[in-house]
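Participant: Need a 3D model of the following:
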Amino acid sequence: MVGFGGKQAWLAVRADGSVDAPSVIAALGLRDLGAVPWRDGIDLAHLTDDRVAVTPPLPGARDQQWVLATGRHLIRPGTTVDVVELSGTLGTEVQFFATHRVTELHRWQRAAEGELIRAFGYVGQTGDVTSWHGEPDPAERDAGLPGVLTDETTVLVGEKDVLAVAHAWSIDPTTLTGRPAPGPLRIGAAD
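Facilitator: Model (predicted):
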């Protein structure tokens, strides 16, 4: 497998029953272009604005299987990834992560069965918290988030914190490199 995560956005979808790479591609409204080798797929998703690489189910946090979907398409202007809608459509937990160390944009969201559980967004260039829904869990508090956000609260979050939360909730995708692949990646294309 080939890892990813830096300057990227990705989804983690709990693979319950019928949830697999093709169902995630369909739920995202993408055209399924088929299987590709891992390196080619990750590069394509990272270097283009209209492709998303989707993994087969992978073992991760909480002894669950997770399908990961990654690509610049997920954070480009004009694209909205609605984790609440996706979790309702797929009938499972959906998480969204984004990190971009140049602008210090860092986000994570978590929804299950059509309900938003948690959302956090931060832009380090301005020091602004751009979204905050729900209470931080232990992984988020370990990343430095306060239990409650007030006007006097200072928040400082970096890429490593996004990856730590991803690890606790599902999978840190930077850890995939060199592990045996349970199958090929699939590529979805935006129309």
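Participant: how far away is residue 5 from residue 164?
Facilitator: Relative to residue 164, residue 5 is positioned 11 Å away (C-beta to C-beta, to the nearest Å). Using the backbone N, CA and C atoms, a C-beta is placed for each residue, glycine as well.
Participant: Between these two, which contacts overlap?
Facilitator: Taking C-beta atoms under 8 Å, 6 or more residues apart in numbering as the contact criterion, the residues that touch both residue 5 and residue 164 are residue 172.
Participant: These two - which one has more neighbours?
Facilitator: Higher neighbour count among residue 5 and residue 164: residue 5, with 22 against 17, using other C-beta atoms under 10 Å.
Participant: hang on, that one packs against residue 160?
Facilitator: No - counting by C-beta atoms under 8 Å, residue 5 stays clear of residue 160, with 10.0 Å between them.
Participant: quick one, strands of this protein?
Facilitator: Assigned by DSSP state E, the strands in the chain fall at 8-14, 31-36, 51-54, 58-59, 65-70, 93-100, 105-112, 115-123, 128-133, 185-189.
Participant: For residue 147, which of those strands is the nearest?
Facilitator: Distances from residue 147 to each of the strands of the chain were compared using C-beta to C-beta; the minimum, 11.7 Å, belongs to strand 128-133.
Participant: Show me what counts as buried in the closest one.
Facilitator: Within strand 128-133, the residues that count as buried by 16 or more other C-beta atoms under 10 Å are residue 132.
Participant: returning to what we had before: format the strands of the chain as JSON lines; extra columns: mean pLDDT.
Facilitator: JSON lines is the format used below for the strands of the chain (pLDDT from 0 to 100):
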{"stretch": "strand 8-14", "mean pLDDT": "97"}
{"stretch": "strand 31-36", "mean pLDDT": "98"}
{"stretch": "strand 51-54", "mean pLDDT": "98"}
{"stretch": "strand 58-59", "mean pLDDT": "97"}
{"stretch": "strand 65-70", "mean pLDDT": "98"}
{"stretch": "strand 93-100", "mean pLDDT": "96"}
{"stretch": "strand 105-112", "mean pLDDT": "96"}
{"stretch": "strand 115-123", "mean pLDDT": "96"}
{"stretch": "strand 128-133", "mean pLDDT": "94"}
{"stretch": "strand 185-189", "mean pLDDT": "97"}
